[in-house]
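S.K.: predicted model follows, preceded by the sequence.
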Amino acid sequence: MNRLVLVAALILTAIMFASGHAVQFLVTIIGMTFDLPGPLIDSYMSWIWFAFSMLFLFVVSYLFCRWFGHRVEKRQDVARPFD
């Protein structure tokens, strides 16, 4: 079960990361189209924020998947005596 939770957390992290970048891309395109000011950081801080955001996303994903896995296990345990 722990491996299932870990794999599910990694997949959920990738989905959240991809959707976040898709939204960021759209916001950037809209900002460039309408010539709006925005943050453009080309420094090591962007990599630090990238690592921090990935870690945060993974922790949230892992906690969610762990909670979800425990709920699935409880439902399986309740359903087994009636099989």
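M.R.: In hand now; what should we look at? These numbers come from a predicted model, not from an experiment.
S.K.: which helices and strands sit right next to the helix or strand hosting Trp47?
M.R.: Here Trp47, judged by DSSP states H and E, is contained in helix 44-79. Secondary-structure packing of helix 44-79 (3 or more Cβ pairs under 8 Å, 6 or more residues apart in numbering; DSSP states H and E): helix 2-33. Glycine gets a C-beta too; all of them are placed from N, C-alpha and C.
S.K.: the helix it packs on: how far from the chain's middle?
M.R.: Its chain's C-alpha centre and that of helix 2-33 lie 6 Å apart, by Cα atoms, centre = their mean, to the nearest Å.
S.K.: quick one: it to helix 44-79, angle?
M.R.: Put simply, helix 2-33 runs at 140 degrees to helix 44-79, going by axes from the mean of the first three to the mean of the last three Cα atoms, to 10 degrees.
S.K.: which parts of stretch 66-80 are buried?
M.R.: By neighbour count on 16 or more other Cβ atoms under 10 Å, the buried set for stretch 66-80 is Arg66, Gly69.
S.K.: so what's the gap between that stretch and the chain middle?
M.R.: That offset, for stretch 66-80, works out to 23 Å (Cα atoms, centre = their mean).
S.K.: which other residues reach it?
M.R.: With contact meaning Cβ atoms under 8 Å, 6 or more residues apart in numbering, stretch 66-80 is reached by Met1, Leu4, Val5, Ala8, Ala9.
S.K.: sorry, back to before: what is the rounded mean pLDDT of the helix holding Trp47?
M.R.: Helix 44-79 shows a mean pLDDT of 79.
S.K.: and that helix, how far out from the chain's middle?
M.R.: Relative to its parent chain, helix 44-79 has a centroid offset of 8 Å by Cα atoms, centre = their mean.
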